[in-house]
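In: show me the folded form of this:
(one chain, ligands or ions: 1)
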Amino acid sequence: MIELLQDETGLRSSGQWMYELIEELFPICRSITGNGVRQTLEIIGRNIPLERHEVPTGTPVFDWTIPKEWNVTDAYVANSRGERVIDFRRNNLHLLNYSIPVDTTLSLAELKKHLHTLPEHPDWIPYRTSYYRENWGFCISHRQLESLPEDRYRVVIDTTLEEGALSYGEYFIPGETEQEVLLSCHICHPSLCNDNLSGIALMTRLAQLLRGKRLRYGYRFLFIPGTIGSITWLARNEASTPRIRHGLVVVCVGDEGAFTYKRSRRGNAVIDRAAEQILRHERDTFRLVDFYPYGYDERQYCSPGFDLPVGSLSRSSHGSYPEYHTSADNLDLVKPHCLAESLDIYLQVIDLLENDAVYLNQNPKCEPQLGKRGLYRAIGATAGHDFDEMALLWVLNLTDGEHSLLSIAERADMPFRKIKAAARALVDAGLLKPLPQEESS
Ligand code: ZN
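Out: Purely as a prediction, here's the structure:
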């Protein structure tokens, strides 16, 4: 059996490590294309051997087309005295993402048609995009909007929207079988932390921890721009998607919110059961949400032509926290210990997937005598023997070749790690043998 969990000390240092990666990535202005994405992939690539892909503008991907590439040099609104009252360099959220180049002078009333605010949170700057409709604009706090005096305003948006490419990163850790686990996060948001730098940091750490381990599944890590990135990846890799046996979209894993698991479209895939099993036994409060065709890239992975077993494991989820898509989703909202907890839950889910197997009881006629095999003495004894009598009895009773360890944990309503520990002890005592590993559960 494989052990993938980190201890307290390991988790604490992983939490700090992920937070520092977020700090490093935070200032970069990202979008669905452009140099900010490349710079982000380059930084991720210093930590894991990332393969980088560039898909040219105009390439058809299913019903979509790779858009023009967008890059920003500068953007501001200056008053008649030449003072920058709105400045992209101070906060990259100020610029409507994908704004076309502009150099003009406007009245306040004309300018206001291009300003976006959040009246319900008057101090926060909203995050807005216009990827697929050519437009320009600025996002500011509502308080600033109300304080702008009548004036002639110079608007300068020094951006380029040209033939280029869409960039994404991919890293694959091979396993012992051809079957794969897909882990996917989006990399297209500018200075926003929980959505989406937390996902990038967690996936990078996870890749570091899985690398070099003997694994049953191959692990495919995708760092892609939201929507167009997953569509692009699916269009280019359609033939290999049947190898994906489990998958998770990794988002919003750095805040203090309770965990949320959004099920795959199938609703009862092994990944759905695995995530539920771990949350049920590891957390006091959590939310389980059935699939709906909105949210993040699970929308593409779970489109009917693919219907992949891909769920999404997050803390506060898509659009459900007030700071979502605002300047308040910053370095204060995400916390090292929250990132560490999220990593722990992800590792537990992966540990379950890796160890879920079907075993066969070698002594199925009446209960074997556990005492003479030393299995009673270990019960509740030393640390490291994390199994108890009930777990042993459940495993012995249900290892009839029909139940995987996950099924046994569900039926016994016990934590997977206890069932796993009991199975290991019974294997060591010669009472269980694994069946050849086919897709089980
Ligand atoms: Zn978002």
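
In: tell me who's in contact with Tyr132.
Out: Counting by Cβ atoms under 8 Å, 6 or more residues apart in numbering, Tyr132 makes contact with Pro67. Glycine gets a C-beta too; all of them are placed from N, C-alpha and C.

In: okay, and it sits in which element?
Out: Assigned by DSSP states H and E, Tyr132 belongs to no helix or strand.

In: give me the phi and psi angles of Gly311.
Out: The phi/psi pair for Gly311 (degrees, to the nearest 10) reads phi -110, psi -170.

In: which residues touch it?
Out: For Gly311, the contact set (Cβ under 8 Å, 6+ apart) comprises 247-249, 261-264, 269, 271-272, 275, 291, 298.

In: which of those lies closest to Arg84?
Out: Arg84 has its nearest neighbour among the contacts of Gly311 in Val249, at 38.1 Å by Cβ to Cβ.

In: run through the bridge partners of the closest one.
Out: Ser184, Ser312 (DSSP bridges).

In: ok, it to Asp284 distance?
Out: Here the criterion is Cβ to Cβ, to the nearest Å. By it, Val249 lies 24 Å from Asp284.

In: so between those two, which is more surrounded?
Out: The residue with more neighbours, out of Val249 and Asp284, is Val249; 29 against 6, by other Cβ atoms under 10 Å.

In: doesn't Asp297 make contact with that one?
Out: Yes: Val249 is in contact with Asp297 according to Cβ atoms under 8 Å; the separation is 5.3 Å.

In: contacts for stretch 423-439, please.
Out: Applying Cβ under 8 Å, 6+ apart, the contact partners of stretch 423-439 are 1, 177, 179, 216, 245, 357-363, 368, 373-375, 378, 385, 387, 392, 395-396, 399, 401, 405.

In: give me the number of residues near Ile419?
Out: Neighbour count of Ile419, defined by other Cβ under 10 Å: 29.

In: hmm, I typed the wrong one, I wanted Asn361.
Out: Neighbour number of Asn361 under other Cβ under 10 Å is 19.

In: with Glu51 instead?
Out: 12.

In: so for it, what's the nearest residue that isn't a sequence neighbour?
Out: Glu170 (5.0 Å; Cβ to Cβ, 6 or more residues apart in numbering).

In: so how far is Thr117 from that neighbour?
Out: Glu170 is 38 Å from Thr117, by Cβ to Cβ.

In: looking at the two, which has the bigger crowd around it?
Out: Applying other Cβ under 10 Å to Glu170 and Thr117 shows that Thr117 carries more neighbours, namely 20 against 17.

In: let me see the ranges of the helices in the stretch 1-150 of the chain.
Out: Taking DSSP state H, counting those that start in this stretch as the test, the helices found in the stretch 1-150 of the chain are 8-25, 35-45, 108-112, 142-147.

In: packing partners of the biggest helix by length in the chain?
Out: Determined from DSSP state H, the single longest helix within the chain is helix 336-355. Helices and strands touching helix 336-355, by 3 or more Cβ pairs under 8 Å, 6 or more residues apart in numbering; DSSP states H and E, are helix 8-25, helix 198-210, strand 244-250, helix 270-282, strand 310-314, helix 416-428.

In: please identify the deepest-packed of the ones you listed.
Out: strand 310-314 (a mean of 29; mean count of other Cβ atoms under 10 Å).

In: hang on, the earlier thing: name only those of the contacts of stretch 423-439 that count as buried.
Out: Burial by neighbour count, 16 or more other Cβ atoms under 10 Å: within those this picks out 179, 216, 245, 357-359, 361, 368, 373, 375, 378, 385, 387, 392, 395-396, 399, 405.

In: among these, which lie within helices?
Out: Going by DSSP H, the helices hold Leu392, Val395, Leu396, Leu405 from the buried ones among the contacts of stretch 423-439.

In: of those, which is the nearest to Met414?
Out: Nearest member of these to Met414, counting by Cβ to Cβ, is Val395, at 9.7 Å.

In: look up the closest residue to the closest one, ignoring the ones flanking it.
Out: Using Cβ to Cβ, 6+ apart, the closest residue to Val395 is Ala422 (4.7 Å).

In: same deal with Asn196?
Out: Closest residue to Asn196 apart from its sequence neighbours, by Cβ to Cβ, 6+ apart: His189 at 4.7 Å.

In: pull the number of nearby residues for that neighbour.
Out: Around His189 there are 26 other residues, counting by other Cβ under 10 Å.

In: show the contacting residues for it.
Out: If you count contacts by Cβ under 8 Å, 6+ apart, His189 has them with Arg30, Tyr127, Asp195, Asn196, Leu197, Gly226.

In: relative to Cys29, how far out is it?
Out: The gap separating His189 from Cys29 is 10 Å, by Cβ to Cβ.

In: kindly report the same for Ser264.
Out: Ser264 is 33 Å from Cys29, by Cβ to Cβ.

In: cool, Leu192 as well?
Out: Leu192 sits 11 Å away from Cys29 when distances are taken as Cβ to Cβ.

In: now the common contact residues for Val249 and Asp297.
Out: Joint contacts of Val249 and Asp297 (Cβ under 8 Å, 6+ apart) are Ser184.

In: so where do the strands sit in the stretch 151-300 of the chain?
Out: 152-162, 165-173, 180-186, 218-224, 244-250, 259-262, 286-289 (DSSP state E, counting those that start in this stretch).

In: now these in a markdown table, with distance to Glu323 and mean pLDDT?
Out: Shown next, in a markdown table, are those (distance: least, Cβ to Cβ, whole Å; pLDDT from 0 to 100):
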| stretch | distance to Glu323 | mean pLDDT |
| --- | --- | --- |
| strand 152-162 | 26 | 98 |
| strand 165-173 | 27 | 98 |
| strand 180-186 | 17 | 98 |
| strand 218-224 | 23 | 98 |
| strand 244-250 | 19 | 98 |
| strand 259-262 | 16 | 98 |
| strand 286-289 | 18 | 97 |
